[in-house]
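S.K.: I'd like to go over a predicted model; first the sequence, then the structure.
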Amino acid sequence: MNVGGFLAALDAVAPARLAEDWDNVGLMVGRRDRTVSHVLMALDLRAEVLDEAAHTSADLVLVHHPPIFPAMSAVSASRTPGALVLRAAREGVAVVAAHTNLDSASGGLNDMMADALGMGERQPLVPGAADPRAGLGRIGAIAPVTLGALAARAVGMFCTRRANVGLVGDPDRPVSRIAVCTGSGRSLVQVAREAGADAYLTGDLTYHDADAADGMALVNLPHGAVEQHAMRAWAPRLAELLASAGVVVAFASEDTDPWRDAC
């Protein structure tokens, strides 16, 4: 398989057309005709990830967060993103980003998050125009639980540390219909409330989002930790897809989330 073939296979499960207009997905670095036999998955492109790619002879790094985003005015070694792009090109490692297209895809990262929290039948918070099963976020039913127990379940599932974790609402409040969004989902707070969610779980929520929730409970989770968990859960699907072509898929051992506990 070459890089072009990998992109076609990826598009079958995370179509680029599902990406938001502001996003940048697809081939970031490399040539479409280069052979791919080993794919390394990671949340971000970091020096440690490229070190691991070199150590494991990975030909391609698939990242969630695009290293060229929203745009670069120059690619130079004076800034870290440019230096990483130059290094990947120099070492012959292709870099592909699957961001909001992988979030939105049916069976993608939002579904991985929903599965982890025990959500049954579900639908996107913002359905895609071409595929009603795809779109941003998910909303659906879970077995009844208190808000406090749900938050504890989410923390235990996703969080190796407690940075950027908190909740809004009475911990004893019963919850049976939840909305979720991987990464930064604060723009969908009102959408989740209007869809009838008892609680909304996402990352990067701010002080004023509690007012926007207008009575709906919120659980703020670490952006990177949730996406890292969801990507690991999704990785076997990609591995199965590429197995017939003899391509090996591995997940990077480096935790690229920059946030750590302050105490």
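M.R.: That came in fine, so what should we check first?
S.K.: if I pick the most centrally placed residue in the chain, what's in contact with it?
M.R.: Ranked by distance to the mean C-alpha position of the chain (Cα atoms, centre = their mean), the top residue is E227 at 3.9 Å. By Cβ atoms under 8 Å, 6 or more residues apart in numbering, E227 lies in contact with L43, H64, L109, T182, G183. (C-beta placed from N, C-alpha, C; glycine too.)
S.K.: Which helix or which strand is home to it?
M.R.: The secondary structure element spanning E227 is helix 223-243 (assigned by DSSP states H and E).
S.K.: before we move on, what about M41?
M.R.: M41 belongs to strand 38-42, assigned by DSSP H and E.
S.K.: Skipping its backbone neighbours, what lies nearest L45 in space?
M.R.: For L45, the nearest residue in space outside its immediate sequence neighbours is P67; the separation is 4.2 Å by Cβ to Cβ, 6 or more residues apart in numbering.
S.K.: ends of stretch 210-224, how far apart?
M.R.: Chord length of stretch 210-224, first to last residue, is 21 Å (Cα to Cα, to the nearest Å).
S.K.: got it, and stretch 22-36?
M.R.: From its first residue to its last, stretch 22-36 covers 29 Å (Cα to Cα).
S.K.: can you list contacts of it?
M.R.: The set of residues external to stretch 22-36 that reach it, using Cβ under 8 Å, 6+ apart, is 1-7, 16, 19, 59-60, 66-71, 85, 88-89, 92-101, 247.
S.K.: Out of those residues, which end up buried?
M.R.: With neighbours counted using 16 or more other Cβ atoms under 10 Å, the contacts of stretch 22-36 contain these buried positions: 1-3, 5-7, 19, 59-60, 66-68, 85, 88-89, 93-101, 247.
S.K.: Among those, which lie within helices?
M.R.: Secondary structure of those is defined by DSSP state H; positions in helices are V3, G5, F6, L7, V85, A88, A89, T100, N101.
S.K.: Spatially, which two of the residues you listed are the most separated?
M.R.: A89 and T100 (24.7 Å; Cβ to Cβ).
S.K.: ok, back up a step: quick one, the strand holding M41 and helix 223-243 angle?
M.R.: For strand 38-42 and helix 223-243, the angle between their directions (axes from the mean of the first three to the mean of the last three Cα atoms, to 10 degrees) works out to 160 degrees.
S.K.: Any idea how far strand 38-42 is from the middle of the chain?
M.R.: For strand 38-42, the distance from its own C-alpha centre to the chain's C-alpha centre is 15 Å (Cα atoms, centre = their mean, to the nearest Å).
S.K.: What of stretch 227-240?
M.R.: Going by Cα atoms, centre = their mean, where stretch 227-240 is centred and where its chain is centred differ by 10 Å.
S.K.: So for that stretch, what gets flagged as buried?
M.R.: Of the residues in stretch 227-240, E227, Q228, H229, A230, M231, W234, A235, L238, A239 count as buried by neighbour count, 16+ other Cβ under 10 Å.
S.K.: Give me the distance between the fifth one and R32.
M.R.: Distance from M231 to R32, counting by Cβ to Cβ, to the nearest Å: 24 Å.
S.K.: just the first one next, same as before
M.R.: In this structure, E227 and R32 are 27 Å apart, going by Cβ to Cβ.
S.K.: now swap in A77 and tell me
M.R.: In this structure, A77 lies at 25 Å from R32, with Cβ to Cβ as the measure.
S.K.: Going by residue numbers, what spans are strands in this protein?
M.R.: Taking DSSP state E to define them, one finds strands in the chain at 26-29, 38-42, 60-63, 94-97, 122-123, 126-127, 135-136, 138-146, 166-168, 174-184, 199-203, 217-221, 248-251.
S.K.: Can I get the buried residues of stretch 227-240 in JSON lines including distance to D11 and pLDDT?
M.R.: JSON lines is the format used below for these (distance: Cβ to Cβ, whole Å; pLDDT from 0 to 100):
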{"residue": "E227", "distance to D11": "20", "pLDDT": "96"}
{"residue": "Q228", "distance to D11": "23", "pLDDT": "94"}
{"residue": "H229", "distance to D11": "24", "pLDDT": "95"}
{"residue": "A230", "distance to D11": "19", "pLDDT": "97"}
{"residue": "M231", "distance to D11": "17", "pLDDT": "97"}
{"residue": "W234", "distance to D11": "15", "pLDDT": "98"}
{"residue": "A235", "distance to D11": "17", "pLDDT": "98"}
{"residue": "L238", "distance to D11": "12", "pLDDT": "98"}
{"residue": "A239", "distance to D11": "17", "pLDDT": "98"}
